[in-house]
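> Sharing a model that was predicted from the sequence below.
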Amino acid sequence: MARAQSQFPAKKITVPPTIDGTIDPKEWAEATSGTGFVDANNGVTEPENTTFWLAYDDKFIYFAAKMEDKNPKQIQATEYRTNVAMSGDDTISFIFDPFGRTDEYNQFSINPRGANNLLIAGGRAAKREWLGEILTRGRITETGWEAEARIPWGVMRLPPTGTRDASFNVRRYDPRLGRRYDFQYSPNSTEKYAHWLGVQIPKSGNARLLKLLPYMYAGWDKDTGHIANAGLDMKTNLTDTIDAVGSINPDFRNVERAILSLDFSYFARLAGETRPFFLEGNQFYNTSRDAPLFTPQSIPGFDAGLKFFGKLNDKTNIAVLDAASFGRKDNASTANVRYQPDPSLTLTGAYAGLADKHFVNQGSFFSALKSIGPWFTFAQHEDTFDSQAGYGRRINAGGGYNKAGWNLDTEYLEITPNFNPRIGFTPTTDIQGAYAMGGYDKPFNKGKVSETAIEVYSSDYHTDSTKQQLLQENWVDWAVQMRNGLFVDIHPDYSTFRGSHDHTWFETIQYPGNNPYYHVGLGYTSGEIGGIAYQNIFPYVAYRFFNRLQVNLSLQQVRHGATHSQSILGFNYDCGHDMSFSGRAVRIDHDTNAYVSFRRAGNAGLEYYLILGDPNAVTFRKALVLKLVMPFQIKLGHG
């Protein structure tokens, strides 16, 4: 079972190890080491042994890990590039907070081919010029696999120079089992992560740089003829812990927007955000988990934007954003302050506003989150004022429990009819009530079943204004992951919405269940909603050809009175570490759009995108555009 909180004295190394993917014990003799990982969900000892080494000097942190595996031929290692998603690969992750007290961690992940993924505290877009790089290597051996990494201190936000206790964890992911194994078991918070005692935090070594990404594009469009435009993205580090990002006349034509499925919902849903300007520092702007005061998806575009975000000190984060559209003559702004007097308590206050010549909309948010061991509790309050809709309010409070595979989550919610966060999101308004949800997750180290989980949910909501019954919902979700890769999920749902007695039965089957590169699946829902028969069929498949060409196809047909359909075919062909062909075809009912592009990006030099079509149009646009991005930087001073 899980151990007590681990502590390791830090010691600088005098001779750095060679980062080649082969762990030489002599090279890591001066390093801290640890072993004995447990299941991240329930604290049960991992079935295969993992050992790690950790060291540092004034320039880098050095990390290595050796993962034993009884079936090394089954180790999954598809990716080979820098800073890519690796959800289907075996990975080892070093999770690190140099401040030693917050829940905002940097995570550096490596797969057996040495591919890596960087998640920098606060959130960053996947721009190599803005993100920074680490050196990683890996290899598969006769007994498993091993990996080594060299991480520059300057890639992270750092506290002031001096000695302090940092905190860290090491996490192994096994995609065949779909399980995460942690060195330090801490299921509900990061308070119990391991401590690296007496680390001498160096200066970041980062020069004060103004990083500029000017772009220009030219091409032909059937509707407008010849087109041309230009703009500028910029970023600078105001201090070692605060960044500033700006954009003038941004162009997102090479950014695919997320597409919502056709699944039925009585309430509004929100697609994910993919635009780099908004991804930079996005975690610093977070508020409510289900109805945030600020969502960048609510800003369709802007002409000029500026944001800065980071840490004022060990206990305080700050984030400010302003975006103006001169054509629409509107201005959107938000600010967020998060204060942690200790790692178990988080206090957040935020503001968001949108104004043009016709209206003014403003909102405020306050919250407190407290964890006590495996328990947590929270309370939130939001107010909005809209010059057209008037005043509105949202309050919610709840708590939960998470330990040894058991989880509990409950919440009470009130939203008045006039609640209106115009640059935020709320699934619905005029609602009052509560829900409770609990479940149990059980992994198995032997046998045909790898993991099974069950969740039970019940809610009762009324309208806030008239106290009439709005929604009562009860469902059970049971999922099982077989050791041969087969995944099955069954979800019966019984609800009453405004007097309509609904019932649906959802089931999905996928093989294999934990491989995003190769799988086939089918989702099927049947039942009755609003007194009308409901049927939703959703087959999908993913396949990787030649270990370079990734193809994903999904089809969906929904029958609910009328029939609606959606088909999405996407592909990406890797020509190398920084070049690729990609495209997507989308058909929604009778509207079809498609595009194809060639991209050379992430090469720390000239980037270009040749795009046929428009990735985000409703129907196909006859257009051919060449977009060039010319990164350079200006030195402003020393770190």
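It's in.
> How about R176, nearest residue that isn't a chain neighbour?
By the measure of C-beta to C-beta, 6 or more residues apart in numbering, the closest residue to R176 outside its immediate chain neighbours is Q74, 6.3 Å from it. Bear in mind the C-beta positions are built from the backbone N, C-alpha and C, glycine included.
> now the strands for the stretch 1-150 of the chain?
For the stretch 1-150 of the chain, the strands defined by DSSP state E, counting those that start in this stretch cover 7-9, 32-35, 38-39, 50-56, 60-68, 91-97, 106-110, 116-119, 135-141, 144-152.
> what's the answer for the stretch 201-350 of the chain, then?
Assigned by DSSP E, counting those that start in this stretch, the strands in the stretch 201-350 of the chain fall at 208-221, 225-237, 242-248, 304-313, 316-325, 330-342, 345-355.
> name the helices or strands packed onto the longest one?
Under the contact criterion of 3 or more C-beta pairs under 8 Å, 6 or more residues apart in numbering; DSSP states H and E, the helices and strands touching strand 208-221 comprise helix 128-131, strand 225-237, strand 623-629, strand 632-637.
> Please apply the same query to the third one.
On a contact count with 3+ C-beta pairs under 8 Å, 6+ apart, strand 242-248 meets strand 225-237, strand 304-313.
> any low-confidence regions in the stretch 101-250 of the chain?
Flagging of the stretch 101-250 of the chain using pLDDT under 70 yields the residue ranges 102-103, 124-132, 188-189, 204-207.
> Dump the strands of the stretch 201-350 of the chain into CSV; add distance to K26 and mean neighbour count as well.
Listed next are the strands of the stretch 201-350 of the chain as CSV, based on distance: least, C-beta to C-beta, whole Å; neighbours: other C-beta atoms under 10 Å:
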stretch, distance to K26, mean neighbour count
strand 208-221, 38, 16
strand 225-237, 37, 16
strand 242-248, 40, 20
strand 304-313, 38, 19
strand 316-325, 42, 20
strand 330-342, 41, 18
strand 345-355, 44, 19
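> Dump those to CSV, plus distance to G154.
CSV is the format used below for the strands of the stretch 201-350 of the chain (distance: least, C-beta to C-beta, whole Å):
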stretch, distance to G154
strand 208-221, 11
strand 225-237, 9
strand 242-248, 13
strand 304-313, 14
strand 316-325, 20
strand 330-342, 24
strand 345-355, 27
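> thinking again about what came up before, mind putting the helices and strands packed on strand 208-221 into JSON lines with distance to V586?
Compiled in JSON lines, the helices and strands packed on strand 208-221 are given as follows (distance: least, C-beta to C-beta, whole Å):
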{"stretch": "helix 128-131", "distance to V586": "28"}
{"stretch": "strand 225-237", "distance to V586": "23"}
{"stretch": "strand 623-629", "distance to V586": "16"}
{"stretch": "strand 632-637", "distance to V586": "36"}
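> quick one: which of these is nearest P615?
Judged by C-beta to C-beta, the one of the helices and strands packed on strand 208-221 that comes nearest to P615 is strand 623-629, at 10.7 Å.
> The closest one packs against which elements?
Packed next to strand 623-629, using 3+ C-beta pairs under 8 Å, 6+ apart, are strand 208-221, strand 607-613.
> If I take the first one and strand 607-613, what angle do their directions form?
In other words, strand 208-221. 30 degrees (axes from the mean of the first three to the mean of the last three C-alpha atoms, to 10 degrees).
> in its sheet, what does strand 208-221 sit against?
Next to strand 208-221 in the sheet, as set by DSSP bridges, lie strand 225-237 (antiparallel), strand 623-629 (antiparallel), strand 632-637 (antiparallel).
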